[in-house]
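Sequence and predicted structure are below.
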Amino acid sequence: DAGVTQSPTHLIKTRGQHVTLRCSPISGHKSVSWYQQVLGQGPQFIFQYYEKEERGRGNFPDRFSARQFPNYSSELNVNALLLGDSALYLCASSSVWDTEAFFGQGTRLTVV
Amino acid sequence: AQSVTQPDIHITVSEGASLELRCNYSYGATPYLFWYVQSPGQGLQLLLKYFSGDTLVQGIKGFEAEFKRSQSSFNLRKPSVHWSDAAEYFCAVVHASGGSYIPTFGRGTSLIVHP
């Protein structure tokens, strides 16, 4: 069975640009969460979606947004990129909204 | 607000020695608690979880953790470490109620294993 898949694996963007990261959950999972992991730190929760509805939001600016599609895949969008947005962005899926999450390998975003 | 403290940034052990990684949390109600492991360049893999019931939980790869409410701790243990256990370990607490889900991770403990 395929695990959580994220695309792209690596990305380089320029300050001020916009980026879209994609995530496909494990088959049958209806919940997707997004995390930002800065080098040397633990993951920081950004969003959780369940059945296309936002269930949780972390302490991130409005430049960060996300959505979940009918097939339960998800996109994370970041506008007006800053150097500090450089990080590993992790997506996780779970069968329902309040159980353990299974993580993808992440998208490494570098902002220059 | 919930928080997680992993007081040890690095832990070095010899292969075959026992291991304990510390985790303290701050949370008003009974928490959901997790330990994850992350190898370089990889996502996180769940080692074990505590929701309720027995305070000693068994996980994969020979790991176990004990929930101690009085100490607000959820320490991870392994009786004999293998070289392949070298990785970053993260403790997490989840607030899951009222339709919301807010996880908080600690900053991680890097495990170094000497032959």
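Arrived safely.

Tell me the bridge partners for B:R77.
In this entry, B:R77 is beta-bridged to B:E20, B:E64, by DSSP bridges.

How about A:S33?
Under DSSP bridges, the beta-bridge partners of A:S33 are A:Q48, A:A92.

Next secondary structure after the longest strand along chain B?
Ranked by residue count, the top strand of chain B under DSSP state E comes out as strand B:87-97. Downstream of strand B:87-97, the next assigned helix or strand under DSSP states H and E is strand B:100-105.

unless I'm mixing things up, B:Y36 is touching B:G43, no?
No: counting by CB atoms under 8 Å, B:Y36 stays clear of B:G43, with 9.1 Å between them. C-beta here means a position set from N, CA and C on the backbone, and glycine is covered the same way.

So for those two, which sits in the more crowded spot?
Using other CB atoms under 10 Å in any protein chain shown as the criterion, B:Y36 and B:G43 rank with B:Y36 on top: 26 against 22.

Point out the other helices and strands that the strand or helix carrying that one packs with.
For B:Y36, the host element (DSSP H and E) is strand B:32-38. The helices and strands touching strand B:32-38, judged by 3 or more CB pairs under 8 Å, 6 or more residues apart in numbering or on different chains; DSSP states H and E, are strand B:44-50, strand B:64-68, strand B:73-78, strand B:87-97.

give me that answer again for 7 Å
Packing partners of strand B:32-38 (3 or more CB pairs under 7 Å, 6 or more residues apart in numbering or on different chains; DSSP states H and E): strand B:44-50, strand B:87-97.

so what's the nearest residue to B:Y36 once chain neighbours are set aside bridging to?
Spatial nearest neighbour of B:Y36, chain neighbours left out: B:L44 (4.1 Å); criterion: CB to CB, 6 or more residues apart in numbering or on different chains. The partner list for B:L44 in beta bridges (DSSP bridges) reads B:Q38.

any idea how far B:L44 lies from A:V38?
15 Å (CB to CB, to the nearest Å).

Which one's more surrounded, the two?
More neighbours surround B:L44 than the other of B:L44 and A:V38, with 28 against 13 (other CB under 10 Å).

Next, the contact list for the more buried one, please.
Counting by CB atoms under 7 Å, 6 or more residues apart in numbering or on different chains, B:L44 touches A:L90, A:F103, B:Y36, B:Q38, B:F90.
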